[in-house]
Structures are given as C-alpha cells and as structure tokens.
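Trainee: below: sequence and its predicted model.
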Amino acid sequence: MSPEQHNLIKKLVGRNEIGPLEDGYQYYWPNGGGAISASQLREIADELDRRNAEWDKQVKGELQS
C-alpha cells in the first residue's frame, strides 16, 4: 500500500467511515460531502476486500458444511 493509500484509509477510519454491518462484513460509510476519484474508490474497495477476506473465508466455510 502506498503512503497516499495508507493516508486515505487512515482518514476514513478516523472519521468512522469504515465499519461493520450486521452481517459482519466491513463497509464504507461516507460522511458528509466531497469528491472521491475512481482511483480512491478502488483503493477503498481493495481495503474492504483485505479487511473482509478472513471473515468471508469463515462464512463460506460454514455455508459449505
């Protein structure tokens, strides 16, 4: 992760814009206004994939049982 990507994710976490729903997965919850570029949205999506990977593995494993 580049320093710019790290800073973006750090900001989002600091503003409580990344968090779980009832299903246990992490989501992006944008607060307020502003513009977000396509590349930043991809960075956010990649971060959510990283954060959700272990949980997703567990859920899929339990569903296959």
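Mentor: Ah, there it is.
Trainee: mean confidence score for the helix or strand where residue 42 lies?
Mentor: Applying DSSP states H and E as the criterion places residue 42 in helix 38-64. When pLDDT is averaged along helix 38-64, the result is 95.
Trainee: now do that helix: which elements does it pack against?
Mentor: Secondary-structure packing of helix 38-64 (3 or more C-beta pairs under 8 Å, 6 or more residues apart in numbering; DSSP states H and E): helix 3-14, strand 18-20, strand 26-28. Using the backbone N, CA and C atoms, a C-beta is placed for each residue, glycine as well.
Trainee: for residue 35, see how far away residue 1 is.
Mentor: Distance of residue 1 to residue 35, computed by C-beta to C-beta, to the nearest Å: 22 Å.
Trainee: nope, residue 10 is what I meant
Mentor: 19 Å.
Trainee: distance from the chain centre to the helix holding residue 42, please.
Mentor: From the chain centre to the centre of helix 38-64 is a distance of 7 Å (C-alpha atoms, centre = their mean, to the nearest Å).
Trainee: ok, which of the helices and strands packed on helix 38-64 comes nearest residue 46?
Mentor: Nearest to residue 46, of all the helices and strands packed on helix 38-64, is helix 3-14, at 8.0 Å by C-beta to C-beta.
Trainee: quick check: angle from that closest one to helix 38-64?
Mentor: 60 degrees (axes from the mean of the first three to the mean of the last three C-alpha atoms, to 10 degrees).
Trainee: contacts for helix 3-14, please.
Mentor: For helix 3-14, contacts defined as C-beta atoms under 8 Å, 6 or more residues apart in numbering pick out 1, 18, 28, 40, 43, 44, 47.
Trainee: ditto for stretch 51-64
Mentor: For stretch 51-64, the external contacting residues (C-beta under 8 Å, 6+ apart) are 18, 24, 25, 26.
Trainee: in that stretch, what counts as buried?
Mentor: 51, 52 (16 or more other C-beta atoms under 10 Å).
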